[in-house]
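Peer 1: give the three-dimensional model of this entry:
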Amino acid sequence: MELISGTPEIIRAEMDDRVRFADLLGATVPESWPPEEVDQATLEFMALLLEEGPHQAGWWCWYFVLRGEEGQEGVLIGNGGFKGRPSPRGTVEIGYSIHPSFRNHGYATEAVEGLLGWALDHPRVRRVVADTLPSNRASRRVLEKAGFVDTGTRPRRRLMRFALERPDGPDHG
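Peer 2: Coordinates of the predicted model:
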């Protein structure tokens with residue numbers, strides 16, 4: 001699998017030009033793209049943030065492309081990323097989605113591990129968090145396999161919060 005960091009060009013193509021979007025990713029895009037969780041307002045928001053400058057790259061949107069055999073085009077199987085740059089305390093929130101026809105093959109775990117590797121390469125990142133519905137067993141399992149620990153339910157939002165601390169500990173630099 002290849003993780004491709006979103007750019008304003010890719011996101012704007014996703015909104016307006018499906019053929020260009022597929023070309024930029026070098027992948028076939030499923031007919032039912034985008035996922036339910038992604039709408040035009042979200043894409044516009046991410047494009048505007050990424051247009052602020054290179055300091056935003058990687059902190060918003062990533063595309064998950066499953067590469068085929070040599071010479072075969074890949075296929076877009078999901079997306080995810082972070083909800084912004086690290087907080088002053090070094091926390092980032094991760095999110096992800098796999099297209100329904102590609103679920104239950106380990107791709108979400110692989111994508112989350114790839115995103116974690118990218119984020120934890122940044123010394124400012126001390127902690128990665130993720131929220132999921134208690135009823136979403138598959139998402140909970142992905143987070144657990146990636147090393148996240150359940151920190152409890154967030155009562156106001158009725159979500160479970162998971163966290164992963166930097167392996168060298170939150171107080172080490």
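
Peer 1: make it CA atoms for all contacts and neighbour counts henceforth
Peer 2: Fine.

Peer 1: which strands and helices sit next to the least confident helix or strand in the chain by mean pLDDT?
Peer 2: Least confident helix or strand of the chain, by mean pLDDT, DSSP states H and E, is strand 149-154 with a mean of 85. Helices and strands touching strand 149-154, by 3 or more CA pairs under 8 Å, 6 or more residues apart in numbering; DSSP states H and E, are strand 159-165.

Peer 1: coming back round to it: and the angle for the least confident helix or strand of the chain with strand 159-165?
Peer 2: 150 degrees (axes from the mean of the first three to the mean of the last three CA atoms, to 10 degrees).

Peer 1: paired strands for strand 149-154, with orientation please.
Peer 2: Strand 149-154 pairs in its sheet with strand 159-165 (antiparallel), by DSSP bridges.

Peer 1: follow-up on the earlier one: contacting residues around the least confident helix or strand of the chain?
Peer 2: Strand 149-154 has contacts (CA atoms under 8 Å, 6 or more residues apart in numbering) with Leu143, Leu159, Met160, Arg161, Phe162, Ala163, Leu164.

Peer 1: so for the second one, what's the nearest residue that isn't a sequence neighbour?
Peer 2: Closest residue to Leu159 in three dimensions, ignoring its sequence neighbours and counting by CA to CA, 6 or more residues apart in numbering: Leu133, at 4.8 Å.

Peer 1: distance check, that neighbour against Arg141.
Peer 2: 12 Å (CA to CA, to the nearest Å).

Peer 1: and for Val125?
Peer 2: According to CA to CA, Val125 and Arg141 sit 23 Å apart.

Peer 1: ok, the residue nearest the centre of the chain - contacts?
Peer 2: Taking CA atoms, centre = their mean, the centroid of the chain lies closest to Gly80, which sits 2.0 Å from it. Going by CA under 8 Å, 6+ apart, Gly80 touches Trp60, Cys61, Trp62, Tyr63, Phe64, Ile94, Gly95, Tyr96, Ser97.

Peer 1: what subset of the contacts of strand 149-154 is buried?
Peer 2: Neighbour counting over these (16 or more other CA atoms under 10 Å) leaves Leu143, Leu159, Met160, Arg161, Phe162, Ala163, Leu164 as the buried ones.
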